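Q: Got a predicted structure plus its sequence, pasted below:
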Amino acid sequence: MTEGSEFKSGYVALVGRPNVGKSTLVNTLLDFDLSIITPKAQTTRHKILGILSSESFQFIFWDTPGILKPEYKLHELMLKSAQSAMRDSDIVLWIVDGTDTDHKADLHVLPLIKQIVNPVILVINKTDAMTEPQIEDAREYFGSLDNFAAIIPASALKRQGIEDIKSALVRFSPQGMPFYPLDQITEHPERFFVSEIIRERIFVHFSQEIPYSTAVVIDEFHEQPERKDLIKARIIVEKSSQKPIIIGKGGSALKKIGQESRERIEEFLGRPVFLELWVAVREKWRNKEVFLKEFGYDDRSR
């Protein structure tokens, strides 16, 4: 950053309904696997902060939970998290799935978008699976809904349109000094990402309600010089009947989750770890404020 340069800095909220590619986009923008990604909707539960810096700009991205009609208190907190990010950001990136050609699924987000005073950039994602006429139809349709600062076709998966998004962010971001050191990529502690990695493995290996009724809590995280770091984690389920499913016959399922999680954690941390997992039942935790707060889903704790 040179003296007298017009440095741009701002907070950017990525919002949209579940499974439109918000986490893939923020990971692509950062060129770093900040947010966990699975084919299942509602994978992201927290408002996750990632920082992209250069000599001329710094963008602080909030990857937010997908906006949906709440069915549990957990969903209510997830929605509040997304709304607070939208209110507190200098720019909002509204991500829509361009392959959903009737576009009706995105419309329940529109009332929230219309409340935003700051610039809103619409990103039509997944254009690698669209024809040019389909992309143009989507541009015309969404362009008729609101006065967006920009409408950008993109494919987060194929890294298409990424530079266009960055250019738009530079254009609409306020001038100012960086909020974080230019080499910092997040402010979340390591134990947060460890819990997310374990939760990702659960989403990958289990179907139906199991992943959505599961939480991961890190009870111990000890760095040990010249020895493997010690990590002890609880996998929380809602029903007693779910516990043996997570554990598996002879502990096979839990062992697989642990092995894959340990490998990914070691890759993330860049050092060896000893990972110990156990399963606990907390009945209907998604609807109980005391458990939501204990498990880190109280919005005031983030």
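A: Great, that's in hand. Keep in mind the model is a prediction, meaning the values are calculated, not measured.
Q: In contact with Ala105, which residues?
A: By C-beta atoms under 8 Å, 6 or more residues apart in numbering, the contact list for Ala105 reads 17, 97. (C-beta placed from N, C-alpha, C; glycine too.)
Q: can you count the residues close to Ile218?
A: 17 (other C-beta atoms under 10 Å).
Q: Check whether it really touches Glu196, as I assumed.
A: No: using C-beta atoms under 8 Å, Ile218 makes no contact with Glu196, being 10.2 Å away.
Q: care to break the chain down by domain?
A: 8-172, 190-301 (automatic domain parsing).
Q: Any idea how far the last one is from the middle of the chain?
A: Spelled out, that is domain 190-301. Here the centre of domain 190-301 is set off from its chain's centre by 17 Å, with C-alpha atoms, centre = their mean, to the nearest Å.
Q: Report the mean confidence score over that domain.
A: Summarised as a single mean, pLDDT over domain 190-301 is 92.
Q: and Trp220, what element?
A: For residue 220 the amino acid is Glu, not Trp. strand 215-222 (DSSP states H and E).
Q: Which SSE is immediately downstream of that strand?
A: Criterion used, DSSP H and E; the element after strand 215-222 is strand 229-237.
Q: which other helices and strands contact that next one?
A: When contacts are defined as 3 or more C-beta pairs under 8 Å, 6 or more residues apart in numbering; DSSP states H and E, strand 229-237 sits against helix 190-205, strand 215-222, helix 243-247, helix 252-269, strand 273-281.
Q: Starting from that strand, tell me which strands it pairs with and how they run.
A: strand 215-222 (antiparallel), strand 273-281 (parallel) (DSSP bridges).
Q: any chance of the domains of the chain in a markdown table, plus distance to Leu182?
A: Output for these, formatted as a markdown table (distance: least, C-beta to C-beta, whole Å):
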| stretch | distance to Leu182 |
| --- | --- |
| domain 8-172 | 4 |
| domain 190-301 | 21 |
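Q: Buried deepest among the ones you listed, which one?
A: Among the domains of the chain, ranked by average contacts under mean count of other C-beta atoms under 10 Å, first place goes to domain 8-172 (a mean of 19).
Q: now the end-to-end length of it.
A: 9 Å (C-alpha to C-alpha, to the nearest Å).
Q: Repeat that for stretch 93-105.
A: Termini of stretch 93-105 sit 17 Å apart (C-alpha to C-alpha).
Q: Could you do stretch 106-113 as well?
A: 11 Å.
Q: Same check on stretch 271-286?
A: End to end - C-alpha to C-alpha - stretch 271-286 spans 34 Å.
Q: which other residues reach it?
A: 72-75, 198, 213, 215, 228-240, 242-243, 246-247, 254, 257-258, 261-262, 265-266, 288, 291-292, 295.
Q: rerun that using 7 Å as the cut-off
A: 72-74, 213, 215, 228-240, 243, 246-247, 254, 257-258, 261-262, 265-266, 291, 295 (C-beta atoms under 7 Å, 6 or more residues apart in numbering).
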